[in-house]
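Enquirer: fold the following.
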Amino acid sequence: YENVAERPYKAELDFWIRVEDNLEDLLSMDHQVVKDNDTSHAPEQTLTETSLVINGKVDGTVSRPEIKLFKRRWVIVFLFSSYSLCNAFQWIQFGIINNIFMHFYGVDSFTIDWLSMVYMLTYIPFLFPVAWLLDQKGLRVIALTGSALNCVGAWIKTASVRPDLFGVTVFGQFVCSLAQVFILGMPSRIASVWFGAREVSTACSIGVFGNQLGIAVGFLVPPLLVPNIADLGQLADHISVMFYGTAAVASLLFILVILVFKEKPPLPPSQAQAAVRASEDYSYVQSILRLVKNFHFMLLLVTYGINTGSFYAVSTLLNKTIMMHYPGEEVKAGQIGLTLVIAGMAGSLLCGIWLDRTKTFKMTTLAVYFFSLSGMIIYTFTLNLEHLWVVFITAGALGFFMTGYLPLGYEFAAELTYPESEGTSSGLLNVSAQIFGIIFTISQGKIIDEFGTIAGNSFICAFLLVGTVMTGFIKADLRRQRANLDVSGTLSLQTIATGSILPDYGLNGSTVPSHPSQSVY
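Expert: You can find the predicted model right below:
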């Protein structure tokens with residue numbers, strides 16, 4: 001800008017320098033956020049007025065909705081995380097003791113793998129009706145349905161503890177997988193509806209945290225409750241303990257959802273959410289079409305699918321992979337899976353906090369993706385060193401980045417697609433993850449059977465490399481952040497520029513050229 005000499009742009013330059021000099025004052029205006037205050041009968045939306053001060057002069061007023069944070073938001077997100085945990089536990093409880101269930105039901109390994117893959121397969125056709133239901137009926141209906149199905153599926157499986165009732169187990173697992181459709185895409189939506197702009201990424205990470213903790217418990221508990229014994233009668237008793245315990249927990253969580261879970265707070269928690277509430281012209285079909293036309297979101301859709309699908313495949317086939325190098329170590333395999341997920345939970349929370357503090361979505365996503373690739377390469381070539389402690393370390397490093405990527409994808413998608421529904425964008429991400437998860441699980445399983453674990457894991461590494469490169473081409477178009485910086489949620493640059501400081505561009509001050517706006521925001 002210092003070298004701009006053309007007179008037609010000199011006034012424009014002076015104007016934007018003056019705005020930039022006062023930007024801190026603009027952004028420090030009171031947003032009427034009252035933390036941790038609960039109001040049972042608050043109005044849906046309250047407009048307040050704030051004077052706009054530029055260079056020490058009052059320059060009109062800005063109407064903006066009142067925003068407020070409520071203590072209940074923490075109860076909501078932790079309750080969601082709890083029933084998400086229960087559902088995720090049921091996803092992996094068969095796969096981590098694959099060989100034991102093969103013996104009990106008299107089926108092959110690939111058939112047991114499908115008890116995990118049914119979660120991925122069910123999600124794909126049911127996403128769109130569930131996403132539509134979320135936009136039409138809201139969070140509470142989705143939460144009630146998801147927790148109810150999770151409870152019903154758990155109780156169905158309690159009736160399948162006989163070698164000749166494998167079909168009942170499959171049906172119970174299908175019901176649980178249907179519950180997952182009502183759960184998996186919710187973290188970003190709950191975070192946006194209940195949490196403020198400075199904590200939304202952390203809240204999303206907590207929502208994802210529950211799913212990851214459920215997978216961790218699913219790796220740890222089944223090998224402890226169901227030992228590898230030959231007697232089918234004793235084995236049935238151990239399986240019954242696991243199934244009945246799961247059903248009891250699912251029932252308790254369903255009751256809590258009925259009593260505690262609320263649709264939304266009385267007042268919006270952020271300016272971006274206030275703008276969404278004020279918008280009435282929403283079309284679900286048009287929203288899907290706009291997302292499909294968003295090039296950078298479509299890049300994220302593919303890269304998220306590759307990374308998360310890789311995690312699904314590695315988790316589902318972990319028992320098979322460990323047993324090939326360390327026979328009889330079912331409990332250790334579960335502990336390795338636990339290490340992988342616990343490290344990922346730490347990664348998720350740290351990434352969420354980092355995003356809330358820095359808003360560096362593109363840089364963080366790219367870095368985490370690169371380290372996921374690096375972790376997978378190291379894990380691949382240290383698996384056969386015959387030292388389990390090495391596998392624990394490499395699996396932990398892999399999990400920290402690969403599982404830590406999950407909330408990054410949700411939040412980056414919410415930024416790229418605002419003001420579209422977070423349920424729709426995260427749902428599409430999960431569809432991509434399920435598709436890649438099925439492809440990777442089947443393909444990697446076949447490659448491991450034919451050529452060994454190095455070839456199978458190298459297959460995953462190749463796709464992670466592609467995903468890393470594609471992530472580099474995603475543009476950081478942070479629309480939601482711009483909406484939160486915008487004091488009223490709908491305030492335009494023309495409103496900011498009203499008054500005597502607006503230069504004359506030959507259009508009587510009626511239009512501010514659009515290209516300088518990018519330098520300000």
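Enquirer: contacts, neighbours, all on C-alpha from now
Expert: Will do.
Enquirer: now do the strands in the stretch 251-400 of the chain.
Expert: Counting by DSSP state E, counting those that start in this stretch, the stretch 251-400 of the chain has no strands at all.
Enquirer: where along it do the helices fall?
Expert: Here the stretch 251-400 of the chain has its helices, by DSSP state H, counting those that start in this stretch, at 271-278, 284-293, 295-316, 318-325, 330-358, 361-382, 388-402.
Enquirer: quick check: mean pLDDT across the fifth one?
Expert: Taken as a whole, helix 330-358 has a mean pLDDT of 82.
Enquirer: measure residue 471 to residue 157 for me?
Expert: Residue 471 is 41 Å from residue 157, where distance means C-alpha to C-alpha, to the nearest Å.
Enquirer: more neighbours: which of these two?
Expert: residue 157 (26 against 23; other C-alpha atoms under 10 Å).
Enquirer: check which helix or strand covers that one.
Expert: Residue 157 belongs to helix 139-158 when assigned by DSSP states H and E.
Enquirer: can you name every helix or strand that the next helix or strand after that helix contacts?
Expert: Of the helices and strands lying after helix 139-158 in sequence (DSSP H and E), the nearest is helix 166-181. For helix 166-181, the packing partners by 3 or more C-alpha pairs under 8 Å, 6 or more residues apart in numbering; DSSP states H and E come out as helix 72-92, helix 109-137, helix 139-158.
Enquirer: weakest of those in terms of mean pLDDT?
Expert: Comparing mean pLDDT over those, the weakest stretch is helix 109-137, at a mean of 86.
Enquirer: show me the contacts for the closest residue to residue 384 other than its chain neighbours.
Expert: With sequence-adjacent residues excluded and distances taken as C-alpha to C-alpha, 6 or more residues apart in numbering, residue 384 is closest to residue 325, at 6.4 Å. By C-alpha atoms under 8 Å, 6 or more residues apart in numbering, residue 325 lies in contact with 383, 384, 386.
Enquirer: just the buried subset of these, written out for ChimeraX, thanks.
Expert: Buried members of the contacts of residue 325, defined by 16 or more other C-alpha atoms under 10 Å, are picked up in ChimeraX with:
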select :383,384
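Enquirer: residue 481 touches residue 416, doesn't it?
Expert: No - counting by C-alpha atoms under 8 Å, residue 481 stays clear of residue 416, with 9.9 Å between them.
Enquirer: more neighbours, the two?
Expert: Taking neighbours as other C-alpha under 10 Å, residue 481 and residue 416 compare with residue 416 leading, 24 against 18.
Enquirer: pull up the gap between that one and residue 208, please.
Expert: According to C-alpha to C-alpha, residue 416 and residue 208 sit 19 Å apart.
Enquirer: same question for residue 397.
Expert: Distance of residue 397 to residue 208, given as C-alpha to C-alpha: 19 Å.
Enquirer: these two: which has the busier surroundings?
Expert: Legend: neighbour count by other C-alpha under 10 Å for residue 397 and residue 208, higher for residue 208 (29 against 23).
Enquirer: check contacts around the more buried one.
Expert: Contact partners of residue 208, counting by C-alpha under 8 Å, 6+ apart, are 81, 187, 348, 406, 407.
Enquirer: try residue 244
Expert: Residues counted as contacts of residue 244 (C-alpha under 8 Å, 6+ apart) are 154, 155, 158.
Enquirer: thinking the first one is in contact with residue 247, fair?
Expert: Yes - between residue 154 and residue 247 a contact is recorded at 4.8 Å, counting by C-alpha under 8 Å.
Enquirer: more neighbours, those two?
Expert: Taking neighbours as other C-alpha under 10 Å, residue 154 and residue 247 compare with residue 154 leading, 28 against 21.
Enquirer: on that earlier part again, looking at the contacts of residue 208, spot the one nearest residue 227.
Expert: Checking the contacts of residue 208 against residue 227 with C-alpha to C-alpha, the nearest one is residue 81 at 28.7 Å.
Enquirer: quick check: that closest one vs residue 429, distance?
Expert: Between residue 81 and residue 429 the computed distance is 19 Å (C-alpha to C-alpha).
Enquirer: for the contacts of residue 208, which one is nearest residue 150?
Expert: Nearest to residue 150 among the contacts of residue 208, counting by C-alpha to C-alpha, is residue 81 at 13.3 Å.
Enquirer: show me the contacts for that closest one.
Expert: Going by C-alpha under 8 Å, 6+ apart, residue 81 touches 206, 207, 208, 209, 210, 211.
Enquirer: what is the mean pLDDT for the helix or strand where the second one lies?
Expert: Meaning residue 207. Assessed by DSSP H and E, residue 207 sits inside helix 200-225. For helix 200-225, the mean per-residue pLDDT is 84.
Enquirer: elements contacting the helix or strand where residue 461 lies?
Expert: Residue 461 belongs to helix 453-471 when assigned by DSSP H and E. Here helix 453-471 touches helix 295-316, helix 361-382, helix 422-451, going by 3+ C-alpha pairs under 8 Å, 6+ apart.
Enquirer: turn these into CSV, including distance to residue 461.
Expert: As requested, the helices and strands packed on helix 453-471 are arranged in CSV below (distance: least, C-alpha to C-alpha, whole Å):
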stretch, distance to residue 461
helix 295-316, 9
helix 361-382, 6
helix 422-451, 11
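Enquirer: tell me which of those sits nearest to residue 221.
Expert: Here helix 295-316 is closest among the helices and strands packed on helix 453-471 (C-alpha to C-alpha), at 15.0 Å.
Enquirer: gap between the helix holding residue 207 and the chain center?
Expert: Its chain's C-alpha centre and that of helix 200-225 lie 13 Å apart, by C-alpha atoms, centre = their mean, to the nearest Å.
Enquirer: now the stretch 401-521 of the chain, which segments are flagged as low pLDDT?
Expert: Low-confidence segments of the stretch 401-521 of the chain (pLDDT under 70): 484-521.
Enquirer: that older thread, next, the angle from the helix holding residue 461 to helix 295-316.
Expert: Interaxial angle, helix 453-471 versus helix 295-316 (axes from the mean of the first three to the mean of the last three C-alpha atoms, to 10 degrees): 160 degrees.
Enquirer: and helix 453-471, what's buried?
Expert: In terms of neighbour count (16+ other C-alpha under 10 Å), helix 453-471 has its buried residues at 453-461, 463-465, 467-468, 470-471.
Enquirer: could the contacts of residue 244 go into a markdown table alongside distance to residue 219?
Expert: Output for those, formatted as a markdown table (distance: C-alpha to C-alpha, whole Å):
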| residue | distance to residue 219 |
| --- | --- |
| 154 | 17 |
| 155 | 21 |
| 158 | 20 |
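Enquirer: got any ranges where the stretch 151-300 of the chain has weak pLDDT?
Expert: 279-284.
Enquirer: returning to what we had before: name the helices or strands packed onto the helix holding residue 157?
Expert: Contacts defined by 3+ C-alpha pairs under 8 Å, 6+ apart place helix 139-158 against helix 72-92, helix 109-137, helix 166-181, helix 232-260.
Enquirer: and residue 334, which of those is closest to it?
Expert: Judging the helices and strands packed on helix 139-158 by C-alpha to C-alpha, what sits closest to residue 334 is helix 72-92, at 10.3 Å.
Enquirer: and residue 477, what does it touch?
Expert: Neighbouring residues of residue 477 by C-alpha under 8 Å, 6+ apart: 415, 416.
Enquirer: that one should be in a strand, yeah?
Expert: No - checked against DSSP: H, G, I helix; E, B strand; the rest coil, residue 477 lies outside a strand; its state is coil.
Enquirer: coming back round to it: list just the nearest of the buried residues of helix 453-471 to residue 402.
Expert: Proximity of these to residue 402 (C-alpha to C-alpha) peaks at residue 464, which lies at 10.1 Å.
Enquirer: isn't the closest one right up against residue 309?
Expert: No - with contact defined as C-alpha under 8 Å, residue 464 does not count as touching residue 309 (10.1 Å).
Enquirer: number of residues surrounding residue 450?
Expert: Neighbour count for residue 450, taken as other C-alpha under 10 Å: 11.
Enquirer: report the separation between it and residue 111.
Expert: Remark: distance between residue 450 and residue 111 (C-alpha to C-alpha) = 18 Å.
Enquirer: check residue 245 too.
Expert: 24 Å.
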